[in-house]
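In: I'd like to go over a predicted model; first the sequence, then the structure.
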Amino acid sequence: VFVTMPSYPGRERGSSINSNGASDAPLLTQLDGPNDELIDFDSLNPDNDGGAERCCCMKGKSSDHSRTQRIQKLANAVFNVSNAAIGSGVLAFPFAYRQSGYVLGMIITIGASFLLGYSLSVLSRYAREHDAQTYQELAFKVFGAKAKLGIVTTQVTFCFFTGIAYLMVLSSMVLPALQGAFGEELTRSHVVVGVTVLVLPLCLLRNIDKLGFTSTVGILSMGYACGVIMYYSLTTQRDPNTPPAFEARAFNLKPCAFQVFPIVDFALMCHLTIIPAVQGLQPYWPSKNRPGKTRYRSLLFICILVMLICDVLYMSTGTLGYILFGKDVTSDILNNFGERGATIYVPTSAAVRAARFCVGLCIFFSFPIPAYVGLKSVKDIFRLEIDGPLPTTKHVGLVVCWSLTIMVATVIVLALHLDLGFVCSIVGCTAAVISQYLFPGFLLKHGGRTCMGNAYLILGGIMCALGVFVTFASASCANSDSEFCTTMGYHVKA
């Protein structure tokens, strides 16, 4: 309800106030002077409280920074957290949807996103309350040194398996080109050794700020690769004589469908990054009720948007990739191009080669990042830098040992004929579950939300136990036609 008010000094003629007593006119102040000049202070500061227009959900001045700077800072936080999630795991989504069916896979992905998005918000809120700068610092401030040790060990495990996944993807991306130059005798294990040697100088960096451009490269590369998969899925004509059993299914209600959960958990693993990624927001998005804190609604907005971005990319790639290759889809879908299967043959075009190159380049420059984080965690566990930075000789030795250990582990994984899906699943049901379900559950119980905390703890325990079982069952059934494997749903006969 608006009521017209009479004119008086300091208010424009014909301005009005609403039922709450707030004026809809600009703030005008009459100054003494020869011309009795009226100054519009809102025009001098568009963020000023009172007459400012809404812009991207911002009304009123809560920060000295401009709206453009505030939006850029918020976008950077969303981008950095999203980049931590979007990686090699997206290439395994069509394989995951093969296990469950694409409709059930999308339902599981959406459900997991709600759970993991909420646990992201829990971590953000408690880090805000305890002024924690990192995940392990939050664990120390809330639960003590033993909890910090557990979280740091989890970080080492996650970074170690991430390094293995990176080397596996790199070897599959590079191998076709190298075989054309050096012959078919060249294997993925040879490529793993060569890539480890080439990337070692980047891993020796003590400061990885110079690799910040990999965030942009990573998002664009993965986006392009996913776009190529979607394009071929929508434009490729299928053979009408393809047996129905080899085509994509909407639902697969068998135990193997549970493997979607650890793969999704691995692909949405940005919980170790959310706390440091939002630390710089406070000057731009300060809390109106709690001075010195970041606005909680801004943190919640970041969590929701990150999950939304990941869901759109993952579900579209998983569904269209599985529909394209059907039962033949592998745990790294880019390997399906150029391979003749029972479902369809899609030749390796220039676009596919470019996608492989982009993904390989992205992972090559991203490999030092988990290595850096993992080595920092190792130094925390063994207190190697308590008296200052390690001498150069010891630092080089530690980096070489870390890189060689990951290289050897990758070669062993390849020798055992394990695929990317196995690596994503095993880390998704162990380290990821601890960071995404168990620790947030303990935080909820510590904060008095016992029922919700127990729910996350129980769910995390189930995820871990069943995830490990299904992951190893999938690996054992890869070359087996036993009755157990058929019951699990890993073999479908035409």
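Out: Right, received. Where do you want to start? Residues are numbered from 1 along each chain as shown.
In: Pull out the buried residues from the helix or strand where Ser113 lies.
Out: Ser113 belongs to helix 102-130 when assigned by DSSP states H and E. For helix 102-130, burial by neighbour count (16 or more other CB atoms under 10 Å) applies to 102, 104-106, 108-109, 112-113, 115-128. For glycine as for every other residue, the C-beta is placed from the backbone atoms N, C-alpha and C.
In: helices or strands up against it?
Out: helix 93-100, helix 135-143, helix 260-267, helix 271-277, helix 296-325, helix 439-446, helix 450-476 (3 or more CB pairs under 8 Å, 6 or more residues apart in numbering; DSSP states H and E).
In: Show me what the fifth one is packed against.
Out: Spelled out, it's helix 296-325. helix 67-85, helix 93-100, helix 102-130, helix 213-235, helix 260-267.
In: go on, the first one?
Out: Counting contacts by 3+ CB pairs under 8 Å, 6+ apart, helix 93-100 is packed against helix 102-130, helix 260-267, helix 296-325.
In: could you give me the average pLDDT of the first one?
Out: Yep, that's helix 102-130 we're talking about. On average, the pLDDT along helix 102-130 is 96.
In: and the angle for that helix with helix 93-100?
Out: Counting by axes from the mean of the first three to the mean of the last three CA atoms, to 10 degrees, helix 102-130 lies at 120 degrees to helix 93-100.
In: For the remainder of this discussion, apply numbering that starts at 16.
Out: Noted, 16 is the first residue going forward, which turns the last one into helix 117-145.
In: Now do helix 117-145: distance to the chain's middle.
Out: Mean-position distance between helix 117-145 and its chain equals 11 Å (CA atoms, centre = their mean, to the nearest Å).
In: That one relative to helix 311-340, how many degrees between them?
Out: Using the same axes, to 10 degrees: helix 117-145 against helix 311-340 is 160 degrees.
In: quick revisit: Phe266: which of the helices and strands packed on helix 311-340 is closest?
Out: helix 117-145 (4.9 Å; CB to CB).
In: Give me the residue at the spatial middle of the protein.
Out: With distances taken as CA atoms, centre = their mean, Ala100 lies nearest the centre of the chain, 1.1 Å away.
In: May I see the helices and strands packed on helix 108-115 organised as TSV, with distance to Ile427 added?
Out: Shown next, in TSV, are the helices and strands packed on helix 108-115 (distance: least, CB to CB, whole Å):
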stretch	distance to Ile427
helix 117-145	30
helix 275-282	20
helix 311-340	28
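In: and of those, who's closest to Gln294?
Out: helix 117-145 (8.6 Å).
In: Can you tell me how far the residue nearest to the centre of the chain is from Lys163?
Out: 24 Å (CB to CB, to the nearest Å).
In: same deal with Gly116?
Out: 41 Å.
In: What of Thr334?
Out: When Thr334 is compared with Lys163 (using CB to CB), they lie 40 Å apart.
In: hmm, back to that, make JSON lines from the helices and strands packed on helix 117-145 and add mean neighbour count and distance to Tyr247 to it.
Out: As requested, the helices and strands packed on helix 117-145 are exported to JSON lines (neighbours: other CB atoms under 10 Å; distance: least, CB to CB, whole Å):
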{"stretch": "helix 108-115", "mean neighbour count": "30", "distance to Tyr247": "12"}
{"stretch": "helix 150-158", "mean neighbour count": "20", "distance to Tyr247": "39"}
{"stretch": "helix 275-282", "mean neighbour count": "29", "distance to Tyr247": "21"}
{"stretch": "helix 286-292", "mean neighbour count": "22", "distance to Tyr247": "32"}
{"stretch": "helix 311-340", "mean neighbour count": "21", "distance to Tyr247": "6"}
{"stretch": "helix 454-461", "mean neighbour count": "21", "distance to Tyr247": "39"}
{"stretch": "helix 465-491", "mean neighbour count": "17", "distance to Tyr247": "26"}
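In: between these, which gets the lowest average pLDDT?
Out: helix 286-292 (a mean of 89).
In: Would you agree the residue nearest to the centre of the chain is in contact with Asp280?
Out: No. Ala100 is beyond contact range of Asp280, at 10.7 Å (criterion: CB atoms under 8 Å).
In: what residues are up against Ile396?
Out: 164, 167-168, 171 (CB atoms under 8 Å, 6 or more residues apart in numbering).
In: what's the angle between the helix holding Ser128 and helix 465-491?
Out: Going by the same axes, to 10 degrees, helix 117-145 makes 130 degrees with helix 465-491.
In: Okay, angle between helix 117-145 and helix 454-461 too, please.
Out: Using the same axes, to 10 degrees: helix 117-145 against helix 454-461 is 50 degrees.
In: Tell me where the stretch 166-315 of the chain is predicted with low confidence.
Out: Along the stretch 166-315 of the chain, segments meeting pLDDT under 70 span 224-229, 254, 257-261.
In: Repeat the analysis, applying 80 as the threshold.
Out: Scanning the stretch 166-315 of the chain for pLDDT under 80 picks out 195, 222-234, 253-262.
In: What of the stretch 366-509 of the chain?
Out: In the predicted model of the stretch 366-509 of the chain, residues 506-509 satisfy pLDDT under 80.
In: for it, what spans make up the helices?
Out: Ranges of helices in the stretch 366-509 of the chain, per DSSP state H, counting those that start in this stretch, are 383-397, 407-430, 435-443, 446-448, 454-461, 465-491, 498-503.
In: JSON lines for those, including distance to Tyr299?
Out: As requested, the helices of the stretch 366-509 of the chain are exported to JSON lines (distance: least, CB to CB, whole Å):
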{"stretch": "helix 383-397", "distance to Tyr299": "25"}
{"stretch": "helix 407-430", "distance to Tyr299": "35"}
{"stretch": "helix 435-443", "distance to Tyr299": "34"}
{"stretch": "helix 446-448", "distance to Tyr299": "30"}
{"stretch": "helix 454-461", "distance to Tyr299": "26"}
{"stretch": "helix 465-491", "distance to Tyr299": "30"}
{"stretch": "helix 498-503", "distance to Tyr299": "51"}
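In: Any idea which of the ones you listed gets closest to Val207?
Out: helix 407-430 (5.1 Å).
In: Mind giving me the packing neighbours of the closest one?
Out: Using 3+ CB pairs under 8 Å, 6+ apart: helix 407-430 touches helix 160-197, helix 203-218, helix 383-397.
In: Can you give me the buried ones in the last one?
Out: Looking back up the chat, that one is helix 383-397. 383-395.
In: Excluding chain neighbours, what is closest to Gln170?
Out: Leaving out its chain neighbours, the residue that sits closest to Gln170 by CB to CB, 6 or more residues apart in numbering is Ser392, at 4.4 Å.
In: Might you report the residue contacts of the one you found?
Out: Contacts of Ser392 (CB under 8 Å, 6+ apart): 151, 167-168, 170-171, 174.
In: how about Pro301, phi and psi?
Out: Dihedral pair for Pro301: phi -70, psi 150, per degrees, to the nearest 10.
In: That one against Tyr311, yeah?
Out: No. In this structure, Pro301 is not within contact of Tyr311 by CB under 8 Å, at 11.1 Å.
In: ok so, going back, now the buried members of the contacts of Ile396.
Out: Neighbour-count burial (16+ other CB under 10 Å) applied to those gives 167-168, 171.
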